[in-house]
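K.L.:
turn this into a model:
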Amino acid sequence: MRILVTGGAGYVGSVLIPRLLVRGHEVRVVDLGYFSLAHLRGMRPEPEIIREDVRSMIVDPGVCARLVEGVDCIIHLAAISNDPSAELQPELTHQTNFEATVALAHAAKERLIRFLFSSSCSIYGAREGELSEDAPTNPLTVYAISKTRAEEALEEMADSTWRPVVLRNGTLFGYSPRMRFDLVVNIFSLTSLLHGEIRVFGGGQQWRPFLHVGDCARAFVFFAEKTKCSHLRYNVAHENLRIIDLVQIFQQIKPGLKITEVPTENADIRNYRVSTRRIRDEGFDTQIGVRLGAEEMMNAIVAGEVRDPESLFYQNAKWLKELTTRIDASDHRGLFDLMESFSRLRRTNQV
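P.N.:
Okay, the predicted model is just below:
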């Protein structure tokens with residue numbers, strides 16, 4: 001198949017693209033390049049790479065038509081990802097996560113192109129019990145609201161001739177060529193290794209469903225290749241754990257680990273567990289748990305596979321803030337040039 005992947009240079013996309021290429025698919029990547037595109041250019045076979053802001057599709061249908069031309073399936077990953085990044089730029093988040101999604105979905109429906117949307121279990125917010133896809137949503141953040149609205153729009157567009165697939169991903173973790181250290185398991189991996197300490201905010205009793213980035217990529221491959229699906233929405237996760245459960249796992253990995261409990265006035269009230277029965281009934285099973293994924297990341301850091309791991313480059317909100325303080329985020333061409341300069345500096349070990 002010819003598959004368009006938006007946000008293909010991001011945390012998930014950088015793991016997904018090689019898997020699609022191995023399976024024999026032709027891949028077109030559309031990505032603004034907030035976190036560089038250099039790691040995609042050395043792949044063999046090399047994907048087609050188009051440097052474009054998905055927000056362009058909102059005002060110019062011609063951009064949509066050009067990006068989707070000749071493709072059989074769209075995997076829409078592009079988003080302002082995670083709560084701190086979304087809170088930093090609410091309007092940018094609305095445009096990227098909701099408006100651009102709707103514009104791209106309309107282009108896909110007009111051409112009967114299969115459409116996979118990357119959503120999040122964070123839309124459940126704070127709810128008791130193990131939640132199925134039919135449970136009411138309760139989005140508590142700008143990011144979760146944007147994903148919820150996009151899901152609702154996609155459901156309204158679905159009919160007997162065109163039906164998208166929505167994957168509600170759990171809290172991601174694990175090693176990626178586009179690494180992130182602003183996700184809880186990844187943060188714990190970094191700080192336990194480099195500082196021998198984990199900091200737990202607000203008691204750590206919050207539940208989360210966890211999903212390895214490799215399993216997330218496998219899920220998108222699975223549904224891209226599956227022509228008929230029983231449902232529109234699927235929870236994707238490997239295991240439900242409390243934050244305090246993560247601490248126990250890291251104590252097993254790192255002997256002598258220091259645990260520091262940090263009281264906070266603004267406690268994270270998000271608390272949710274999910275059922276994955278629907279996706280397992282569809283024929284997909286995850287493979288990698290938190291312990292294995294954490295050990296994988298720590299080994300990668302020790303082996304030098306992550307250059308300067310404490311750099312703000314690996315933290316989405318801080319990196320987005322850095323970019324937007326250097327240049328107007330609406331100036332796409334200026335941002336492209338800036339990212340190319342950062343990429344060149346990183347390749348020469350200067351950043």
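
K.L.:
do you know how far N316 is from R178?
P.N.:
Distance, N316 to R178, using Cβ to Cβ, to the nearest Å: 10 Å. In this view, the C-beta of every residue, glycine as well, is placed from N, C-alpha and C.

K.L.:
and if you look at H195?
P.N.:
According to Cβ to Cβ, H195 stands 23 Å off from R178.

K.L.:
ok, N97 next?
P.N.:
Noted for N97: a distance of 19 Å to R178, by Cβ to Cβ.

K.L.:
so those two - more neighbours on which side?
P.N.:
Of the pair N97 and R178, N97 is the one with more neighbours under other Cβ atoms under 10 Å, namely 27 against 22.

K.L.:
mind checking how far that one is from K226?
P.N.:
For N97, the distance to K226 - Cβ to Cβ - is 25 Å.

K.L.:
quick one, what contacts G125?
P.N.:
G125 sits next to T137, N138, P139, L140, A144, R270, Y272 when contact means Cβ atoms under 8 Å, 6 or more residues apart in numbering.

K.L.:
recalculate using a threshold of 7 Å.
P.N.:
By Cβ atoms under 7 Å, 6 or more residues apart in numbering, G125 lies in contact with N138, P139, L140, A144, R270, Y272.

K.L.:
kindly report the same for Q206.
P.N.:
Residues in contact with Q206 (Cβ under 7 Å, 6+ apart) are R242, I243, D268, R270, N271.

K.L.:
mark which of the residues you listed are part of helices, please.
P.N.:
Among those, the residues falling in helices (DSSP state H) are I243.

K.L.:
among the contacts of Q206, which one lies nearest to G214?
P.N.:
I243 (22.2 Å; Cβ to Cβ).

K.L.:
the closest one: neighbour count?
P.N.:
Per other Cβ under 10 Å, the neighbour tally for I243 reads 20.

K.L.:
is the residue lying closest to it once chain neighbours are set aside in a helix, a strand, or coil?
P.N.:
Among residues not flanking I243 along the chain, G204 sits closest, at 3.7 Å (Cβ to Cβ, 6 or more residues apart in numbering). Three-state assignment for G204 (DSSP: H, G, I helix; E, B strand; the rest coil): coil.

K.L.:
Provide the contact partners of the helix or strand encompassing H106 at residue level.
P.N.:
Assigning secondary structure by DSSP states H and E places H106 in helix 100-110. Under the criterion Cβ under 7 Å, 6+ apart, residues 54-55, 57-58, 64-65, 68, 74, 76, 78, 115, 117, 150, 153-154, 157, 162, 164 lie in contact with helix 100-110.
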